[in-house]
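**Student:** Sequence plus the predicted model coming up.
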2 protein chains.
Amino acid sequence: MRMDEREKVRKPAGVKNRLSASCGQENPCKIPPSYRISSEALEKVKGLMHEDVSDTVAILKVLSDPMRLRILKALRIEDLCVCVFVELMNCEYSKLSYHLKLLKEAGLVDCTKEGNFLIYRLTELGGKMLDSVEKMHFSVPSSI
Amino acid sequence: MRMDEREKVRKPAGVKNRLSASCGQENPCKIPPSYRISSEALEKVKGLMHEDVSDTVAILKVLSDPMRLRILKALRIEDLCVCVFVELMNCEYSKLSYHLKLLKEAGLVDCTKEGNFLIYRLTELGGKMLDSVEKMHFSVPSSI
DNA sequence: ACAATATTTCAAATATATTTGAAATACTTA
DNA sequence: TAAGTATTTCAAATATATTTGAAATATTGT
């Protein structure tokens, strides 16, 4: 299956910028004909490229911050008001507000007002995401 | 267990900036005494705050990019040379190089030279991380 | 050796994310 | 009603990440 059809469709020498049927693009194909790849694989990969990953990326982005990750972990222990984070993270309200907003917009936490306090809690999604993250076994090779 | 000891340690009125034993910080505690939280919960949360999450964050950061995610997905189908990405993602070499470098530094991919081609492959870690990401069920509430 | 090619590297330009501090909001207590 | 408090919001400052294009590198075929 490693042998492909790409060579077959090569245009006669001297025709620069030829179309490549295997790429299926209008523009000149940038994959050199000497690179062997099955058209099956190429098609599969091409399919992937149009897949929408924006939701995935959006949530991963929100998760990839130390402060936000700690907030989520803390909320798994107990619903907490902002003031607790302000104290324990040594952090201004405005900074926390910013991070809490991102978590909330991503649907990972929500909050209710109790008197002057705003109590944040983990949503179901938030809990699941945190679990997933912790199930990943992270071992970065060197220091990156 | 919701009743806490925080009230007990309140200093006499008029003493501003008192230490709060429940916070255990040297500085004045920012958690208002009217906010009720068990000292057990507070201790647990405080413990979390010192936990190191940098490896987790480092890998999540690398994963949270559409291009890098697509590269990983593609490499699960087959080892691929850079030229394939250049073609299918409509992207300059230098840009791809940048993203591939991040993936490599994170240990998610590696590569070997074959002639003039650089063939990238998913590492074991890369495969696991991709699996984990895909097992998360992402549903961002609104558009974030 | 030479020219062509596939790729990386680097620095500058751009874009995005985060922090900061001041002002606004909304609730509570006096 | 006024004053205090917990929190958010906003805009400016800063920091970080990404893109871009030109030049460097390494390999190949001639």
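**Tutor:** Arrived safely, thanks for sending. Numbering: from 1, shown residues only, chains lettered A, B, ... in the order given.
**Student:** Can you name the residue of chain A nearest DNA strand C?
**Tutor:** Chain A approaches DNA strand C most closely through A:Pro32 (2.7 Å), counting by Cβ to the nearest atom of the strand. The way it works is simple: take the backbone N, C-alpha and C, and place the C-beta from them, glycine included.
**Student:** pretty sure that residue belongs to a helix, no?
**Tutor:** No. A:Pro32 is assigned coil when assessed by DSSP: H, G, I helix; E, B strand; the rest coil, not a helix.
**Student:** A:Glu40 versus the residue nearest to it when sequence neighbours are not counted, what's the distance?
**Tutor:** Excluding its sequence neighbours, the residue lying closest to A:Pro32 (Cβ to Cβ, 6 or more residues apart in numbering or on different chains) is B:Cys83, at 6.2 Å. Here B:Cys83 is placed at a distance of 18 Å from A:Glu40 (Cβ to Cβ, to the nearest Å).
**Student:** Show me which of those two is the more surrounded one.
**Tutor:** Taking neighbours as other Cβ atoms under 10 Å in any protein chain shown, B:Cys83 and A:Glu40 compare with B:Cys83 leading, 20 against 12.
**Student:** was I right about the more buried one contacting A:Cys29?
**Tutor:** No. The pair B:Cys83 / A:Cys29 is not scored as a contact, 9.6 Å apart, by Cβ atoms under 8 Å.
**Student:** A strand includes A:Arg121, no?
**Tutor:** Yes. A:Arg121: assigned to a strand according to three-state DSSP.
**Student:** residues touching it, list them.
**Tutor:** Counting by Cβ atoms under 8 Å, 6 or more residues apart in numbering or on different chains, A:Arg121 touches A:Leu75, A:Asp79, A:Val109, A:Asp110, A:Cys111, A:Thr112.
**Student:** Would you write a PyMOL line that selects the buried entries of those residues?
**Tutor:** Buried residues among those (16 or more other Cβ atoms under 10 Å in any protein chain shown), as a PyMOL selection:
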select buried, chain A and resi 75+79+109+111
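**Student:** domain parsing for chain A?
**Tutor:** A:1-51, A:55-135 (automatic domain parsing).
**Student:** So the residue nearest to A:Pro32 versus B:Thr123, what's the distance?
**Tutor:** In terms of Cβ to Cβ, B:Cys83 sits 21 Å off from B:Thr123.
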